[in-house]
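Student: Sequence first, then the predicted structure, then my questions.
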Amino acid sequence: MSERTIVTPARGREGRSRPERAAASRRRPAATGGVSPRRPRATEAAARGARTATERLAGAVGWAMGARRLLVCVGVVLVVLVALYGPARDLYCAWRLQDGKQETLDGLNQSIDEYQQDIDRLQTREGIEDEARKRGYVSEGETGVIAEGLPEDQEAEEAPAELPWYLAVGDFVFQYKEQ
């Protein structure tokens, strides 16, 4: 047959288990006539303060460990940002430079189209006569008239368009200056 093992609570120096000792400490001692001896209030406050200071210290150490992790994470992020700033700046400046060159190319292509239309128009008889009249020539039997006081055709210079906010921010962050 098997033997049964009886488990008993751990006993201290006095031979009582921990729950028995806790219950005995809560009872009032009989030697003092049923009145428990009171510690002075300053001692109780100091004991509470010591526990709170210890708890505060433990909390501060825990926070410091958490803050240490946070500081390490922030440090790593800053190192990555600093390492990537140079290539990001180069990429942004190349992108903005390419945009400027694309605008110039579009303007040149538009001018080429206008010149080609003028050439096509001047290849016809009506186009040639219109251009001759603009220059002051008249056909046989016509009289030329010069009108004075009329406003001349002036091309108004366009003010440079204001940049969108995201380009202005990017230009500031990456120190881009148009050439």
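Tutor: That came through, no problem.
Student: so who does residue 129 touch?
Tutor: residue 139 (CB atoms under 8 Å, 6 or more residues apart in numbering). C-beta: built from backbone N, CA, C; applies to glycine.
Student: separation between it and residue 120?
Tutor: According to CB to CB, to the nearest Å, residue 129 and residue 120 sit 15 Å apart.
Student: One more: residue 168?
Tutor: Following CB to CB, the distance that separates residue 168 from residue 120 is 42 Å.
Student: just residue 89 next, same as before
Tutor: Relative to residue 120, and taking CB to CB, residue 89 is found at 47 Å.
Student: More neighbours: those two, which one.
Tutor: residue 89 (15 against 10; other CB atoms under 10 Å).
Student: Can you name the helix or strand that that one falls in?
Tutor: Residue 89 belongs to helix 41-122 when assigned by DSSP states H and E.
Student: Point out the other elements, helices or strands, that that helix touches.
Tutor: helix 125-134, helix 165-173 (3 or more CB pairs under 8 Å, 6 or more residues apart in numbering; DSSP states H and E).
Student: Just the buried positions in the shortest one, please.
Tutor: Using 16 or more other CB atoms under 10 Å as the test for burial, helix 165-173 gives 170, 171.
Student: CA-only coordinates of it in CSV, if you can.
Tutor: The C-alpha trace of helix 165-173 is given here as CSV (Å, rounded to 0.1, in the frame of the first residue of the first chain):
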residue,chain,number,x,y,z
TRP,A,165,2.9,74.8,-48.6
TYR,A,166,4.5,71.3,-48.8
LEU,A,167,7.1,72.6,-51.3
ALA,A,168,7.8,75.6,-49.1
VAL,A,169,8.3,73.3,-46.1
GLY,A,170,10.5,70.9,-48.1
ASP,A,171,12.6,73.8,-49.4
PHE,A,172,13.1,75.0,-45.8
VAL,A,173,13.9,71.6,-44.4
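Student: can you list contacts of that helix?
Tutor: Contacts of helix 165-173 (CB under 8 Å, 6+ apart): 92, 96, 163, 176, 177.
Student: Would you mind giving those as JSON lines with pLDDT and distance to residue 104 added?
Tutor: Compiled in JSON lines, the contacts of helix 165-173 are given as follows (pLDDT from 0 to 100; distance: CB to CB, whole Å):
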{"residue": "92", "pLDDT": "95", "distance to residue 104": "19"}
{"residue": "96", "pLDDT": "93", "distance to residue 104": "13"}
{"residue": "163", "pLDDT": "86", "distance to residue 104": "17"}
{"residue": "176", "pLDDT": "90", "distance to residue 104": "17"}
{"residue": "177", "pLDDT": "87", "distance to residue 104": "17"}
